[in-house]
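> A predicted structure for the sequence below; I have some questions about it.
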Amino acid sequence: MLTRENWGSKIGFILAATGSAVGLGNLWKFPYITWHNNGGAFVLIYLVSVVIIGWPIMMAEILLGRHTSESPVPAFEKAGGKGWSIVGWLGVFTGFVILGYYSVIAGWTITSFISCAKWSFSGYVAPASGAFGDFMADGSLQIFLSFLFIAATAIIIWRGIKEGIEKVTKILMPILFVILVYLVMMVLFLPGRNAAFAFLFSPNFGELPWEGVLEAVGHAFFTLSLGMGVMITYGSYMRKEESIAGNAALVVFLDTFVAICACIIMYTIIFTAPGVKESVSGSTVGMLFITLPNLLYTEVPFGTIIAPIFYILVAFAALSSTISLLEVIVSLFIDKLGMTRHAATFIGAAASFIVAIFSALSLGALSFLSNFSFFGKGKEGVLSTLDHLAANWLLPVGGLFITLFVGWRFDKKICENEIALFGPDGNTTLTYKLFRFFLKFTAPIAILAVILAVIIMGKDFS
């Protein structure tokens, strides 16, 4: 039996886990949903939800992975018996589905960076009306961009934990944070900064729609890469002497920091440009890939510098997430089927690329795939259908079962020893008691509310 690889250092795990959590959801979706839920009050609910839902579930996933030293399927088998392995299979399937369409969207960051670099050197030329739609409908280009992202991801996974994931994230994540802080400092010179801060940090609960509360709860769960086996897998490579609570708290903090900084950047730009506040695009795609580039080059000082750097940031964030998604699949093949890492990486990447092809061709290239609808009106296309399936069903259901298993089924003594939060008197600390309470009661109730909102009210968190 092969000795299981470990992270080479504490910072290696933290940066890899943060890289998984930090993705397009932070730089794209969170600013969009915060904008449409009127800022401050939504942000406050989100921050509370991250602490009482996201942090305890992340601890639970890391705990399960480290205790068993296994990927999700064998981890649940070892800790709870064969019946619970279905939760692990659900997590792996979720990661597989998400990687299949996420890599398509991630590929758009490549063309956005190339376009911005060209405009910064030769002058901005506004794209023709409908240009982005034509771009999405170019099936060959979409497949090629997806291939580039999956290939880059596979090369990193191929090299293993220390030499691949850890080494790359130790480069990617510091660069990402430097770029992020630089962009925040740049936009602070813009006149819209005061309005942006007021919008973001001044809670007015009268302006928060009731659906926004559920959306904040849902996003706090989704943004941390929970419910898809990633943190179980990454936790399985963690050394026993590392603090689960401390590491999880730091990952949650860094993920939230990135999301808030992204809002500061985007909102300062929006409030700086006259008349833009009323015409922000009605879709997350439009806000990031259509509205923002135009604003940067036509309305914002230093836009020619900010634009290409910003899309490098987005590309790095996307890549750090695809790495973790593929590693979940690869770790299953290694642990459950006894494959070598190289064989597991090739098969996992190839299977994900097949799903990516169907997703890429569903953006207008093939009418059959573009009109495919399983969930009804408004969910047309393979990519949209997979996104809806993952966000509204797979992730919350998987997360719910994880909270129930670790909170109610898992051996309490093992949980205490793994978390290792004991006071001088030998009793568990208040932090541990809060973790248990949030995991057993708060988190499952909140996730159940999200699931019921989908079933009863037709709420869509995708």
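Received it, and whenever you're ready, just let me know what you need.

> so Leu250 touches Phe13, yeah?
No. Taking CB atoms under 8 Å as the definition, Leu250 is not a contact partner of Phe13, at 9.8 Å. C-beta here means a position set from N, CA and C on the backbone, and glycine is covered the same way.

> element containing the residue nearest to Ile143 when sequence neighbours are not counted?
Excluding the flanking residues, the one nearest Ile143 by CB to CB, 6 or more residues apart in numbering is Ala360, at 4.8 Å. For Ala360, the host element (DSSP states H and E) is helix 341-360.

> Pull out the buried residues from that helix.
341, 344-346, 348-349, 352-353, 355-360 (16 or more other CB atoms under 10 Å).

> One more: stretch 156-170?
Neighbour-count burial for stretch 156-170 [16+ other CB under 10 Å]: 156-161, 164-170.

> re the thing from before, which strands and helices lie in contact with the helix holding Ala360?
helix 85-122, helix 139-158, helix 303-337, helix 382-389 (3 or more CB pairs under 8 Å, 6 or more residues apart in numbering; DSSP states H and E).

> looking at these, which is closest to Trp408?
helix 85-122 (13.1 Å; CB to CB).

> Count the residues that sit near Arg4.
13 (other CB atoms under 10 Å).

> which residues sit in contact with it?
69, 236-237 (CB atoms under 8 Å, 6 or more residues apart in numbering).

> Over to it. Which of the three states is it?
coil (DSSP: H, G, I helix; E, B strand; the rest coil).

> Local confidence estimate at it?
pLDDT for Arg4: 85.

> Could you check how far it is from Gly91?
19 Å (CB to CB, to the nearest Å).

> follow-up on the earlier one: by how many degrees do the helix holding Ala360 and helix 85-122 diverge?
Helix 341-360 runs at 70 degrees relative to helix 85-122, counting by axes from the mean of the first three to the mean of the last three CA atoms, to 10 degrees.

> And the helix or strand following helix 341-360, what does it pack against?
Reading on from helix 341-360 to the C-terminus, the next helix or strand found by DSSP H and E is helix 367-370. Here helix 367-370 touches no other helix or strand, going by 3+ CB pairs under 8 Å, 6+ apart.

> What are the contacting residues of helix 367-370?
358, 361-364, 380-382.

> What mean pLDDT does that helix get?
93.

> Also stretch 262-273?
89.

> who touches that stretch?
By CB under 8 Å, 6+ apart, stretch 262-273 touches 26-27, 30-31, 34-35, 43, 180, 183-184, 187-188, 190-193, 195-197, 199-200, 276-277, 280, 287, 292, 295-296, 298-300, 310.

> Give me the buried entries from those.
26-27, 30-31, 34-35, 43, 180, 183-184, 187, 190, 192-193, 196-197, 199-200, 276, 280, 287, 292, 295-296, 299-300, 310.

> Please narrow those to those residing in helices.
Of the positions in the buried ones among the contacts of stretch 262-273, 30-31, 34-35, 43, 180, 183-184, 187, 193, 196-197, 199-200, 292, 295-296, 310 sit in helices, assigned by DSSP state H.

> Between helix 193-201 and the helix or strand Val251 falls within, find me the angle.
According to DSSP H and E, Val251 maps onto helix 244-272. Put simply, helix 244-272 runs at 130 degrees to helix 193-201, going by the same axes, to 10 degrees.

> Put together JSON lines for the contacts of Arg4, with secondary structure, neighbour count and distance to Phe271 on each row.
Output for the contacts of Arg4, formatted as JSON lines (DSSP: H, G, I helix; E, B strand; the rest coil; neighbours: other CB atoms under 10 Å; distance: CB to CB, whole Å):
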{"residue": "Ser69", "secondary structure": "coil", "neighbour count": "17", "distance to Phe271": "50"}
{"residue": "Ser236", "secondary structure": "coil", "neighbour count": "25", "distance to Phe271": "45"}
{"residue": "Tyr237", "secondary structure": "coil", "neighbour count": "24", "distance to Phe271": "43"}
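
> rewinding a little: which of the residues in the helix holding Val251 are buried?
Buried residues in helix 244-272 (16+ other CB under 10 Å): 244-245, 247-252, 254-272.

> Helix or strand, whichever it is, which one in this structure has the lowest mean pLDDT?
helix 284-286 (a mean of 71; mean pLDDT, DSSP states H and E).

> ok, residues contacting stretch 336-352?
71, 73-74, 96, 99-100, 103, 150-151, 153-154, 157-158, 160, 325-326, 329-331, 333-334.

> nearest to Trp108, of the contacts of Arg4?
Nearest member of the contacts of Arg4 to Trp108, counting by CB to CB, is Tyr237, at 30.9 Å.

> which residues touch the closest one?
4-7, 13, 65, 161.

> Greatest separation within those: which pair is it?
Checking those with CB to CB, the most distant pair is Arg4 and Phe13, at 14.0 Å.

> For the contacts of Arg4, could you give me CSV that also reports distance to Val51 and pLDDT?
Compiled in CSV, the contacts of Arg4 are given as follows (distance: CB to CB, whole Å; pLDDT from 0 to 100):
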residue, distance to Val51, pLDDT
Ser69, 28, 95
Ser236, 25, 97
Tyr237, 26, 97
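
> Tell me where the model's unsure across this structure.
Scanning the chain for pLDDT under 70 picks out 1-2, 274-284, 375-379.

> Please report how far Asn417 lies from Arg66.
Counting by CB to CB, the gap from Asn417 to Arg66 is 11 Å.

> next one: Ser362
Counting by CB to CB, the gap from Ser362 to Arg66 is 39 Å.

> higher neighbour count, these two?
Comparing Ser362 with Arg66 by other CB under 10 Å, the one with more neighbours is Ser362, at 27 against 21.

> thinking that one is in contact with Phe372, fair?
Yes. Counting by CB under 8 Å, Ser362 touches Phe372, with 6.5 Å between them.
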